[in-house]
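> take this sequence and fold it.
(one chain, ligands or ions: 1)
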Amino acid sequence: MSCTCSKTETGRGAEHSFAPGPILLLGAPGVGKGTQAKELVKLWGIPQISTGDLLRGNVARGTELGKMAKELMSRGELVPDTLVNEMVAARLAEPDTAKGYILDGFPRTLGQAGWLDDKLKGLTASLPVVAVSIQVGYNQLLRRITGRRNCPTCQAIYNVYMNAPKQEGVCDVDGAKLVQRADDTEEVLKERVHAYETLTAPVVEHYRAQGRFAEVDGDRPIAEIAAGIVAAVERLRG
Ligand code: AMP
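Numbering: from 1, shown residues only. Take a look at the predicted model:
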């Protein structure tokens, strides 16, 4: 029977025998973690777990968590570990995570990383995490953040400078009106980068020290970066 696996821009089909396990995408805000996570979802059929998306969902639904997170997020500050860890624990308990998942935007503090290490130690069936850090310079981050537009319906991500939709302001996939995130401004980016440098950069060092860690250059076309991440994950799992 011929394979009906989906092909991604990396030009590769899904590899059913390969168990990706838990994958962490690390990197400053705007490096393209969300875009890359979506490429890996298409390739491996495992879910993307974006703590930013989960938190924005809570804000939109007006949950208690959303009410607590809203102000912090609008200022570019981090939401307390206990709240985020609890939200991630609930998501990891869902059955679609059995073969692996892509954590996008988590862990963002050493506290969250320690919590995740302990959590995975308790799950004997889980493979150890593989961490991939995406690197991009500050000016490029600024273009990516201020140019980013999102589809509220299918969550597709565009960039008016680098990956523009065919028709300005309209999603190519479903025709929805694209939106800009409230925190995707130059002013809030400064605080987000500050939070990244002070609280999240040590997380990168934590995983570098654990091994099963790779860095990829994020200043390249989307498909090339995705191919680099896939190669790194396969090598680290090999
Ligand atoms: P993101 O979509 O990953 O850029 O996240 C948007 C915002 O959500 C961040 O600036 C934080 O305010 C919050 N957030 C997302 N993930 C986390 C996390 N792991 N820990 C704390 N706050 C988070």
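
> which strand residues bridge the one residue sitting closest to the centre of the chain?
In the chain, the C-alpha nearest the mean C-alpha coordinate belongs to D104, at 2.4 Å (Cα atoms, centre = their mean). D104 has these beta-bridge partners by DSSP bridges: L25, S50.

> look up how far the ligand lies from R56.
Relative to the ligand, R56 is positioned 7 Å away (Cβ to the nearest ligand atom, to the nearest Å). Every C-beta, even on glycine, is put in place using the N, C-alpha and C of the backbone.

> what's the answer for E215, then?
Distance, E215 to the ligand, by Cβ to the nearest ligand atom: 19 Å.

> give me the nearest residue to that residue, chain neighbours excluded.
In this structure, E215 finds its nearest non-sequential neighbour in S133, 4.9 Å apart by Cβ to Cβ, 6 or more residues apart in numbering.

> who's in contact with the residue nearest to the centre of the chain?
The contact partners of D104, taken as Cβ atoms under 8 Å, 6 or more residues apart in numbering, are L25, K33, G34, A37, Q48, I49, S50, T51, G52, D53.

> got any ranges where this protein has weak pLDDT?
Within the chain, the segments meeting pLDDT under 70 span 1-17.

> residues in it within reach of the ligand, list them.
Contact residues, the chain versus the ligand (Cβ under 6 Å from any ligand atom): 29, 51-52, 55, 72-73, 76-79, 84, 105-106, 108, 112, 183, 192.

> hmm, Y138 is touching V193, no?
Yes: judged on Cβ atoms under 8 Å, Y138 makes contact with V193 at a distance of 7.3 Å.

> same drill for those two, tell me which one is more crowded.
V193 (19 against 11; other Cβ atoms under 10 Å).

> contact partners for that one?
A28, P29, Y138, L141.

> flag every buried residue along stretch 207-221.
Neighbour-count burial for stretch 207-221 flags Y207, R212, F213, A214, E215, V216, G218 (criterion: 16 or more other Cβ atoms under 10 Å).

> please apply the same query to stretch 160-177.
Going by 16+ other Cβ under 10 Å, stretch 160-177 has these buried residues: V160, N163, P165, V170, C171.

> which residue lies closest in space to the first one, excluding its sequence neighbours?
It refers to V160. G147 (4.5 Å).

> if I look at that neighbour, how far off is Q112?
29 Å (Cβ to Cβ, to the nearest Å).

> follow-up on the earlier one: quick check on the residues of the chain next to the ligand: which are buried?
By 16+ other Cβ under 10 Å, those give 29, 51-52, 55, 73, 76-79, 84, 105-106, 108, 112, 183, 192 as buried.
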